[in-house]
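> what's the 3D shape of this:
(chains A and B)
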There are 2 protein chains.
Amino acid sequence: MSKALLDANFPRLIDGKTMHLNVLEGDVNPRILSVGDAGRGERISSYLENLQIINSTRGFITYSGTFEGVPVSIIVTGMGIPMMDFVVREATSVISSKVAMIRLGTCGALKPNTKPGSIILASSSRFISQNYSYPVGPAYNLSSKVHSDPDLFTIFKNQLISIFGSENVDEGVDLTCETFYSAQGRKDPRFDDCNENLIENMVVEEPEAAAMEMETFKLLHLASTSKGKIAATACMIGLLNRHTQELMDFSKLHDIERDAARAALMALIRYPLDN
Amino acid sequence: MSKALLDANFPRLIDGKTMHLNVLEGDVNPRILSVGDAGRGERISSYLENLQIINSTRGFITYSGTFEGVPVSIIVTGMGIPMMDFVVREATSVISSKVAMIRLGTCGALKPNTKPGSIILASSSRFISQNYSYPVGPAYNLSSKVHSDPDLFTIFKNQLISIFGSENVDEGVDLTCETFYSAQGRKDPRFDDCNENLIENMVVEEPEAAAMEMETFKLLHLASTSKGKIAATACMIGLLNRHTQELMDFSKLHDIERDAARAALMALIRYPLDN
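The predicted structure follows:
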C-alpha cells in the first residue's frame, strides 16, 4: 500500500490516486458502464478503442477508451452496495463534469411471466436489508424508492428494444438485496436466516417488483443525492425466474451480455451531457 | 460463465463449484484467515506450504496449504458485508466439519488514546447502516451486538500480545459500517449524506466503540447464527485515529500485517476443532 495522504474524509494514496479504485483525474470518462463480474468486464472491453486498463488490489478494474469515437469507461464493480458505493464516489471524484452511468448486471426475475434470458430495466429500485436488531422490528426491511434518470432510461430502453425486440425487454421495480443468500430469500438450513416467506412478502409489499440483484439501488440512490451531477439507470439479464425456478439457456448468456453492453454504450454516447 | 445447476437456493456451476468463490469440497480448509485486500492476501500466503490458489472472476481468491503442518486457508474477501457473506456461506458449504475463522483487516480507530498502527481486537461488533427510508426514522441505524467466540478470541489475543506487546493491542466493540464514506462519517459535499454528526452520535450510543471498518459484523453475525458450526473473531490494524486524524507510519504496515497474520495462523491451528 502506498502511503495515504492526511485526509480522513477522502483518503488518497501518496500518488494522488483514489484509495480503492486507484484512479487519477483523467483516468475515468464521464460516460460509465458498470458491471459486477470481471469476466464480463473483460469481454465487453473489446468494444473500446484506445484502451487503457487500471487495476486495483480491491477488486475494481477500470477500462477507459472510446466507443464510436466518444470517450467511455467500463468499470468492474464487484458485488454488493458497498462496492458500488466505492465505484460511484471514487470514479466521479476524478471527473469534473456531469456523469452518465449505466449498470449492466444479472438478476433473478420476479414477475411470473418474465422469460429467463430477458433484459429487465430498472425504472426504480428499493433496497431489502436484513434487520440485525431482529426480533426488534421485522427480520428484513424494504426501503423507499429511488428512480432511474427518466431521459437516460428512455434512451437506453429504445436501444435495448431495437436490438432485442420489445418482447425480450421488461421493466419494473428492481429490488436490490443486501446479500445473495438470506436477503434474496434463499433457504440455507445451516443458518438461522429468518427469511421463510421473504419473496412472497416483498412482492406483496411491492407489486411491481421485477428483479432481485445486489447493486442497482446504490447507484440510483447516489445519483439521486448527487445534486444533479449523476444521471443513472440499470438493466439486468434475468438468469432465472424466482417463481417458476426456470433457468435461462446459459449458452446464450455471452451473446445477450454482448448485445446489452452495446445497447448501454450506444445509450451512453447518445445521452446529452451538457454541463 | 459455466452453466448453473438448477438449485435457486444454492446455485453451483456445472462443475459443482460454488457460484462465486469457485470452490469445491476439499478446496477450503476448516481453519480460515480472511483478509480484504488482494495484495495482503498474496503477501501473507507466503506463510503457507503446499500452496493451492483458486481464483474467481468475482473478486475472491482462496489460498489453501499448511501452516506448521496443519491445513489452513487464506481467503481474499474483498470489501463490504455482502462480500463477507459470500465467503462465509460458500467456503463453509464445502467443509463438513466445524470451522474456525479469523478476519485480519484495517480500520479507523475510535478510542481517543489508541495509537495508529495498533492492533484492535473485536470482542463484539455492531452494524451501522444507512436508513434509505430517511426521513422516516434516523438517517443511520446502529444494530444490536454480536460477539466473538470467547475461546478463539482469547487464544488470538494471547498470540497478538506475545508478538506485539500488550501496549500495542487494544480491544473493544467494532463498528462495521455499510459503506466507507457516508456510513463512516466521512463528509463529501458532492452528496447529501445526512451524516453530519455520525461518529459523535455513535460513540455516545456505544461508548466501548473501538474501530470502524466494513466486514467484521457479518462474520460474527453469521457465526452466531451458524448453529455452532463456526467459531469466529477478528482484529484490525488501526490505520488512523478518527478523533485525532493521526495516521500510522505506513512504512511499518507490511511488517505489522505480516506479524498479525502469523498470530492469526498460530491461533487458528491452536483452536481445538473437535467435531
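> can you pull out the strands in chain A?
A:31-35, A:49-55, A:61-67, A:70-76, A:99-109, A:119-130, A:140-142, A:146-147, A:169-177, A:209-213, A:230-241 (DSSP state E).
> Does anything pack onto the fifth one? Which helices or strands?
So that's strand A:99-109. strand A:31-35, helix A:81-93, helix A:150-164, strand A:209-213, helix A:216-224, strand A:230-241, helix A:253-270 (3 or more Cβ pairs under 8 Å, 6 or more residues apart in numbering or on different chains; DSSP states H and E). From N, CA and C alone the C-beta is placed, and that goes for glycine too.
> Enumerate the residues of the stretch 51-200 of chain A near chain B.
A:57-59, A:78-83, A:85-86, A:89, A:92-93, A:108, A:127, A:129, A:131-133, A:136, A:141, A:143-144, A:146, A:178-182, A:186-188, A:190-193 (Cβ under 8 Å from any Cβ of the partner chain).
> What remains of those if I keep only buried residues?
The neighbour-count test (16 or more other Cβ atoms under 10 Å in any protein chain shown) marks A:57-59, A:78-83, A:85-86, A:89, A:92-93, A:108, A:127, A:129, A:131-132, A:141, A:143, A:146, A:178-182, A:186, A:188, A:191, A:193 as buried among these.
> where are the low-confidence patches of the stretch 151-275 of chain A?
Within the stretch 151-275 of chain A, the segments meeting pLDDT under 70 span A:275.
> how about a cut-off of 80?
Residues of the stretch 151-275 of chain A meeting the criterion pLDDT under 80: A:274-275.
> quick one: which of the helices and strands packed on strand A:99-109 is nearest B:Ile102?
helix A:81-93 (21.0 Å; Cβ to Cβ).
> Now do the closest one against strand B:119-130, angle only.
Here helix A:81-93 points in a direction 80 degrees away from that of strand B:119-130 (axes from the mean of the first three to the mean of the last three Cα atoms, to 10 degrees).
> any idea how far helix A:81-93 is from the chain center?
In terms of Cα atoms, centre = their mean, to the nearest Å, the centre of helix A:81-93 is found 11 Å from the chain centre.
> Any figure for the gap between A:Ala211 and A:Arg270?
24 Å (Cβ to Cβ, to the nearest Å).
> Over to A:Gly39?
Distance from A:Gly39 to A:Arg270, by Cβ to Cβ: 27 Å.
> what do you get for A:Ala109?
For A:Ala109, the distance to A:Arg270 - Cβ to Cβ - is 27 Å.
> Compare the two (neighbour count), which wins?
A:Ala109 (29 against 16; other Cβ atoms under 10 Å in any protein chain shown).
> can you tell if stretch A:260-275 touches chain B?
No: between stretch A:260-275 and chain B, judged by Cβ under 8 Å from any Cβ, nothing touches; the nearest distance is 14.3 Å.
> who touches that stretch?
A:30-33, A:35, A:40, A:44, A:47, A:67-68, A:70, A:72, A:97-100, A:102, A:104, A:119, A:151-152, A:155-156, A:159-160, A:162-164, A:231, A:235, A:237 (Cβ atoms under 8 Å, 6 or more residues apart in numbering or on different chains).
> Contacts only, for A:Ala91.
A:21, A:23, A:28, A:32, A:62, A:73, A:75, A:99.
> repeat that for 7 Å
Going by Cβ atoms under 7 Å, 6 or more residues apart in numbering or on different chains, A:Ala91 touches A:21, A:23, A:28, A:32, A:75.
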